[in-house]
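Undergrad: Sharing a sequence plus its predicted fold:
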Amino acid sequence: MNNGSVHVKKPLPHVIGQKNTTLNFTCAVQDSCLNLASTTITIISHNAPPVVTELPDMLKIDLEKIQDDSSFYIFHVEDPSTDNVSCALSRIYLSMDELTLKMDGNDAYLLVSNHIKNNLTLEHDLQIWCNDGTDDTVFNLTVRFCTKNNCQGITASSQSNKLQIILVYCFIAGMLIIIIISVYYLWKRLKTVNVENGTHNSSRQSRYISTIQPNSAVHLYDDLEQNGHQQISTDNVEMSAPETTIYENTNPFI
């Protein structure tokens, strides 16, 4: 008997509200003798509850940072089945109305009213649940309000501060892009100027070289002969010897 396995290539069907989904597959096999055999494979898929990440052990909030309806980031939630997730506060100890939970997509923020400054209780235990329509994820969070002097460790960052940090990073990235583009165009301009200077120098050299025909040749003997004829026609020749008498206007026949 041969063993086989079933491989899932894509997510199995999921029904919101049902924790388990049963799927039946019938497989038929045939050998070379035309003998048939069939079997049924049952696959049960289970719904996975929402997964919460980036949840701190304790949320510290500086009272000086609290303004009218301030919001502080507390966690991120995702559902493995990509179902919509909703989260809410199920219990607050000590009970108070100044704390509420707000969802922004898959990010959860704690809304704090400015009236909490009138409350002398500085620490609260929150119970939070997240639901994907089928299963719940329940967890606890301790919130401690502190002042600048006793607020040690990591404090919560408000939503506005988070937005400011994002804007600062975007500004820095934009400046880096502008600098890179400027350096590229400056390098390209310098390269173009160097090419133009090289072309100009080559043009000047070609004008000097063009005065000599490439197929012409210099004949030394022809040049000497030509210069010799010119010298004979223009120079006066005098011949004398040390003891030779020079007769002027002599007629050999007289």
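TA: That came in fine, so what should we check first? Numbering: from 1, shown residues only.
Undergrad: Show me which residues of the strand or helix carrying Ile128 are buried.
TA: Assigning secondary structure by DSSP states H and E places Ile128 in strand 123-131. Of the residues in strand 123-131, His124, Leu126, Ile128, Trp129, Cys130, Asn131 count as buried by neighbour count, 16 or more other CB atoms under 10 Å. For glycine as for every other residue, the C-beta is placed from the backbone atoms N, C-alpha and C.
Undergrad: now, which of those residues sits nearest Val51?
TA: Cys130 (9.0 Å; CB to CB).
Undergrad: Leu89 is in contact with that closest one, correct?
TA: No - taking CB atoms under 8 Å as the definition, Cys130 is not a contact partner of Leu89, at 11.1 Å.
Undergrad: Now for those two: what residues contact both?
TA: The contact sets of Cys130 and Leu89 do not overlap (CB atoms under 8 Å, 6 or more residues apart in numbering).
Undergrad: Show me which of the buried residues of strand 123-131 is closest to Asn47.
TA: Using CB to CB, these come closest to Asn47 at Asn131, 11.4 Å.
Undergrad: ok, and the closest non-adjacent residue to the closest one?
TA: Excluding the flanking residues, the one nearest Asn131 by CB to CB, 6 or more residues apart in numbering is Ser86, at 5.7 Å.
Undergrad: which ones are touching the one you found?
TA: Contacts of Ser86 (CB under 8 Å, 6+ apart): Met103, Cys130, Asn131.
Undergrad: Take these and lay them out in TSV including distance to Ile166 and pLDDT.
TA: Shown next, in TSV, are these (distance: CB to CB, whole Å; pLDDT from 0 to 100):
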residue	distance to Ile166	pLDDT
Met103	19	93
Cys130	25	96
Asn131	29	95
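Undergrad: Kindly state the domain boundaries assigned to the chain.
TA: Domain assignment for the chain, taken from automatic domain parsing, gives 10-47, 51-157, 159-195.
Undergrad: Most tightly packed of those domains?
TA: Among those, domain 51-157 has the highest mean neighbour count (mean count of other CB atoms under 10 Å), at a mean of 15.
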